[in-house]
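# Sequence plus the predicted model coming up.
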Amino acid sequence: MTGDLLPAGVTKISRVVAGRRAQGVESGPDFAATCRLDGGMEKNASPLRWGILSTASIGVKNWKAIRLSGNSIVRAVASRSLESSRRFIAEQQACAPFDAEPEALGSYEALIAHPEVDAVYIPLPTGLRKEWVIRAAEAGKHVLSEKPCAVTTAELDEMLDACRRNRVQFMDGVMFMHNERLEQVRAVLDDPQRIGPVRRIHSAFSFFGAERFKDGNIRFQSDLEPLGCLGDLGWYCVRFGLWVMDWQLPQRVAGRLLKAAENPDGGPGCPLEFSGELFFDDGVSFGFYCSFLANRQQWVTVSGEQGALRIADFVNPSDLCDVAYEVCHERVPKSACGIDLTSETTAGSQEANMFRAFGEQVRGGGVDERWPEMARKTQQVVDACLASALDGNREVTLAPDR
């Protein structure tokens, strides 16, 4: 698959995020007719009712994103502790309240069985996620999964098969895919006079984890997050590269494990620092670096025969950066590009767009298979990179698209 693998949805960016409109995709009613960009619901609109499965810290940002989506509400929050759920809801209601306070639940099972929950957001650790994605799908709940989606592609296939059998939507939580900046970037990439045929993609995403972070964060625990920085940070680099390449899988992949965590069980520790090389048709290559041991960076550069494009904050728009993107030496300021590119969660931010697009897809009664396929392609490449790194950096050949 190439250019036809595009996100469906109802916001402007969801229609054109990869530069061309797909045909024949089931989609919901027109966005403007059913919700507002101020986060309020239109009269007579039926909101998508979310359950948040866990009180992980990322849920704070996405609670607000759901509130600002204009077509969704949080109906319930589940934790292994009822008190934890109640505390999480109280804290979030104080900052971004829903008219009806969400219900606190003391078990994941209770949320999966809840009759008034339509979709489940699952930010559980990767090592625990498969069971709950499958259980949610079998209960008829749509699923928004944090990334990396699974430990392996085979595991993800089980999850996606369950979603297909039960006709529920699956999406991974890569927020930048819903940022309107991608529309402008795609237009630049498609202009033969500005970038021309792509030759090289290069990306890095890292942050430095202090000792306190290393001691208590699950990212350093091989049983819960076996993909480490490759899954947590490299996933974004790989996703952007695949997006640039119109979802073409690389022919070959090579990975290098630069630093791994200690594993008390004696097995391979999760990656703390990793680099990868992807080789595509026509000689196009893509290199990426991800790390918990290097200072914060989140940039990508696309080099072509006519020019180069660079984004300094491609994952999470940074308030410290005033440039939306740069083409050769042409700097396009955020203030002039007409896009909401602040780190604060607003009605136009990428995380609110993500929940808005998911809600409209589900409320329209259709299932878009391109979102799970995007997740699967990302997982395939991540798997191949790790397999190469664990086998002495031997190049791994990827099978053709299914």
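Received, thanks.

# going forward, measure contacts and count neighbours with C-alpha atoms only.
OK.

# Assumed Y236 was part of a helix.
Yes. Counting by DSSP: H, G, I helix; E, B strand; the rest coil, Y236 falls inside a helix.

# okay but it is in contact with D313, surely?
No. The criterion here is Cα atoms under 8 Å, and Y236 misses it with D313 at 11.6 Å.

# who touches the residue positioned nearest the centre of the chain in this structure?
The centroid of the chain falls nearest to V174 when counting by Cα atoms, centre = their mean (1.4 Å). By Cα atoms under 8 Å, 6 or more residues apart in numbering, the contact set of V174 is E146, K147, Y236.

# Comparing Y236 and D313, which shows the higher neighbour count?
Y236 (27 against 21; other Cα atoms under 10 Å).

# okay, that one: pLDDT?
For Y236, the pLDDT comes out at 98.

# Now the element after the worst-scoring helix or strand of the chain on mean pLDDT, going C-ward?
Ranking every helix and strand in the chain by mean pLDDT, DSSP states H and E puts helix 12-16 at the bottom, with a mean of 29. Per DSSP states H and E, the first helix or strand lying C-terminal to helix 12-16 is strand 48-53.

# Can you dump the C-alpha atoms of that next one in CSV for me?
This file holds the C-alpha atoms of strand 48-53, laid out as CSV (Å, rounded to 0.1, in the frame of the first residue of the first chain):
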residue,chain,number,x,y,z
LEU,A,48,-18.9,9.6,22.1
ARG,A,49,-18.6,8.3,25.7
TRP,A,50,-15.0,7.5,26.7
GLY,A,51,-13.7,5.3,29.4
ILE,A,52,-10.1,5.9,30.5
LEU,A,53,-8.5,2.6,31.6
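
# neighbouring strands for it, and are they parallel or not?
Using DSSP bridges, strand 48-53 pairs in its sheet with strand 72-78 (parallel), strand 119-122 (parallel).

# List just the one of those strands that sits closest to V284.
Ranking those by distance to V284, with Cα to Cα as the measure, places strand 119-122 first at 35.2 Å.

# from the chain's centre, how far out does that closest one sit?
14 Å (Cα atoms, centre = their mean, to the nearest Å).

# Can you tell me the closest non-neighbouring residue to V60?
Q92 (7.0 Å; Cα to Cα, 6 or more residues apart in numbering).

# What are the buried residues along the helix or strand containing that neighbour?
Secondary structure from DSSP H and E places Q92 in helix 82-95. Neighbour counts over helix 82-95 (16 or more other Cα atoms under 10 Å) mark S84, S85, R86, F88, I89, Q92, Q93 as buried.

# gap between the closest residue to the first one other than its chain neighbours and E183?
Nearest non-adjacent residue to S84, counting by Cα to Cα, 6+ apart: T55, 7.3 Å away. Spatial separation of T55 from E183 under the definition Cα to Cα, to the nearest Å is 33 Å.

# Could you count how many residues lie near the residue lying closest to P123 once chain neighbours are set aside?
Excluding the flanking residues, the one nearest P123 by Cα to Cα, 6+ apart is E146, at 5.0 Å. Neighbour count of E146, defined by other Cα under 10 Å: 20.

# swap in A312?
There are 21 residues near A312, going by other Cα under 10 Å.

# Report the contact partners of it.
Q297, Q298, W299, V300, C321, V323, A324, Y325.

# what separates it from F205, distance-wise?
From A312 to F205 the distance is 10 Å (Cα to Cα).

# where do the contact lists of the two overlap?
Q297, Q298, W299.

# where does the last one fall, phi/psi-wise?
Torsion angles at W299 (phi, psi; degrees, to the nearest 10) stand at phi -120, psi 160.

# can you check the first one too?
For Q297, the backbone dihedrals (degrees, to the nearest 10) come out as phi -160, psi 150.

# likewise K130?
Here K130 shows phi and psi, under degrees, to the nearest 10, equal to phi -50, psi -50.

# Run through the residues that contact it.
Per Cα under 8 Å, 6+ apart, neighbours of K130: A150, E155, L156, M159.

# ok, now G140?
Taking Cα under 8 Å, 6+ apart, one finds D118, N166, R167, V168 in contact with G140.
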